[in-house]
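S.K.: sequence plus the predicted model coming up.
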Amino acid sequence: MPCKNPERPSLNSHLFHAETETEVRHLLNDIARAGKYIHYALQTSDTGLAGSQNTSGEEQLKLDVISNNIVEEELCESHLVYAYASEEKGAIEPLRDGAPFFVAFDPLDGSSLVDANLSIGSIFGIYRGDPMGKTPREQVAALYLVYGPRTILVYSTGKGVHAFYLNDVGEFLLLEKDLTIGDTVKTYAPGNLRAVTDTPAYRKVMESWLDEGITLRYSGGMVPDIHHILIKGGGIFTNIGGNKYPQGKLRLLYECGPFAYIVEQAGGGSSNGERSILDITITELDQRTPIIIGSKKEVNRVAKVLKP
Ligand code: AHG
Ligand code: MN
Ligand code: MN
């Protein structure tokens, strides 16, 4: 008797039916497994400081270090990754000579929110070969996990954006396929808002949202804040430069690139004020970029207002 298609396929089964390239399917499953271990570590590990700093001089939590190690182990086990770069490490970390992929990731984004028990996430961008000199448009796939009341994984390989939830026995099952972002903006998420004091155009943008009476939805975690836009099908998220962070706070390789890939796949837009985030050349591991992301029309409007 032939197999029936389950109503809620697993991540692996979904990837298989989507005719995902076999190596990419294996790698996405391995990263998903890392997500399960991080989900478990968040529930069971100490939330205190590690006593060390990352390359940007930010204090690391024990959980930042644990999450990085979990991902590293799974990438090693995949045998598919020749090297990786992580927000928590300063350099390219070699893993297996001759393997096809490079993975850029932020193992625990928003980790300063963890003691307050707010939602946080992990972000991944996958490249074939060295990402230097390439653009995020050349990613083979991007995915993120959001650890909230539920753990949810969202991925794209350039064939739509699909969301999965982690069930009680540790399987990711399809939650929603083909997520889309339209032009109706009901919520705004203004990051690095301290920049309004020295970037007057950002204050103007902020005031336009206040005048329109749309709803503030800002948690301080990029992952849940952009996930909100994807799930609701519209909205806008910004992280704009000012004196303290001239390029905004967020990194092209680990944070903005993967999200731009996913959001544009869903029909939304992304911009650094000049061009799509997907068209910025990657020149440094720690490169930061201003980001305007979400509903496409609003991304374009905000980029215009911010133009010097
Ligand atoms: P991380 O915890 O990896 O250092 O990054 C947190 C980031 C991001 O998730 C969030 O959007 C941003 O910091 C918040 O910045 P502001 O508090 O300046 O708005
Ligand atoms: Mn981060
Ligand atoms: Mn981080």
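M.R.: Yes, it's here. Ligands and ions are numbered 1, 2, ... in the order given.
S.K.: residue 296 against residue 185, yeah?
M.R.: No: the pair residue 296 / residue 185 is not scored as a contact, 10.2 Å apart, by C-beta atoms under 8 Å. Just so you know, the C-beta spots here come from the backbone N, C-alpha and C atoms, and that holds for glycine as well.
S.K.: the residue found closest to residue 157 once you drop the neighbours it is linked to in the chain and residue 87, how far apart?
M.R.: Among residues not flanking residue 157 along the chain, residue 141 sits closest, at 4.4 Å (C-beta to C-beta, 6 or more residues apart in numbering). The gap separating residue 141 from residue 87 is 19 Å, by C-beta to C-beta, to the nearest Å.
S.K.: quick one on the thing from earlier: of residue 296 and residue 185, which one has the most company?
M.R.: residue 185 (22 against 19; other C-beta atoms under 10 Å).
S.K.: ok, that one - contacts?
M.R.: 214, 234, 235, 236, 294, 295, 298 (C-beta atoms under 8 Å, 6 or more residues apart in numbering).
S.K.: quick one, phi/psi of the closest residue to ligand 2 within the stretch 101-250 of the chain?
M.R.: Going by C-beta to the ion, ligand 2 is nearest to residue 109 of the stretch 101-250 of the chain, at 3.7 Å. When read as degrees, to the nearest 10, the backbone of residue 109 gives phi -80, psi 140.
S.K.: what pairs with it across the strands?
M.R.: Going by DSSP bridges, residue 109 is paired in beta bridges with residue 121.
S.K.: contacts only, for it.
M.R.: 87, 120, 121, 122, 123, 221, 222, 223, 255.
S.K.: any chance of JSON lines for these, columns pLDDT and neighbour count?
M.R.: Shown next, in JSON lines, are the contacts of residue 109 (pLDDT from 0 to 100; neighbours: other C-beta atoms under 10 Å):
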{"residue": "87", "pLDDT": "96", "neighbour count": "26"}
{"residue": "120", "pLDDT": "98", "neighbour count": "26"}
{"residue": "121", "pLDDT": "98", "neighbour count": "29"}
{"residue": "122", "pLDDT": "98", "neighbour count": "26"}
{"residue": "123", "pLDDT": "98", "neighbour count": "28"}
{"residue": "221", "pLDDT": "98", "neighbour count": "24"}
{"residue": "222", "pLDDT": "98", "neighbour count": "26"}
{"residue": "223", "pLDDT": "98", "neighbour count": "26"}
{"residue": "255", "pLDDT": "98", "neighbour count": "28"}
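S.K.: ok, those vs ligand 1, which is closest?
M.R.: Ligand 1 lies nearest to residue 222 out of these, by C-beta to the nearest ligand atom, at 3.4 Å.
S.K.: which SS state does the residue nearest the centre of the chain fall under?
M.R.: By C-alpha atoms, centre = their mean, the chain has its centre lying nearest to residue 123, at 3.9 Å. Following DSSP: H, G, I helix; E, B strand; the rest coil, we place residue 123 in the strand state.
S.K.: list the helices and strands the longest helix anywhere in the chain packs on?
M.R.: Assignment by DSSP state H gives helix 22-44 as the longest helix of the chain. Counting contacts by 3 or more C-beta pairs under 8 Å, 6 or more residues apart in numbering; DSSP states H and E, the secondary-structure elements packed against helix 22-44 are helix 11-17, helix 62-78, strand 101-109, strand 120-128, strand 141-147, strand 151-156, strand 162-166.
S.K.: name the residues of the chain found near ligand 3, please.
M.R.: Residues of the chain lying close to ligand 3 (C-beta under 5 Å from the ion) are 87, 106, 108, 109.
S.K.: let's go with 8 Å and repeat that
M.R.: Counting by C-beta under 8 Å from the ion, the residues of the chain lying close to ligand 3 are 54, 64, 87, 88, 106, 107, 108, 109, 110, 111, 254.
S.K.: so where do the helices sit in the stretch 101-250 of the chain?
M.R.: Assigned by DSSP state H, counting those that start in this stretch, the helices in the stretch 101-250 of the chain fall at 200-212, 222-232.
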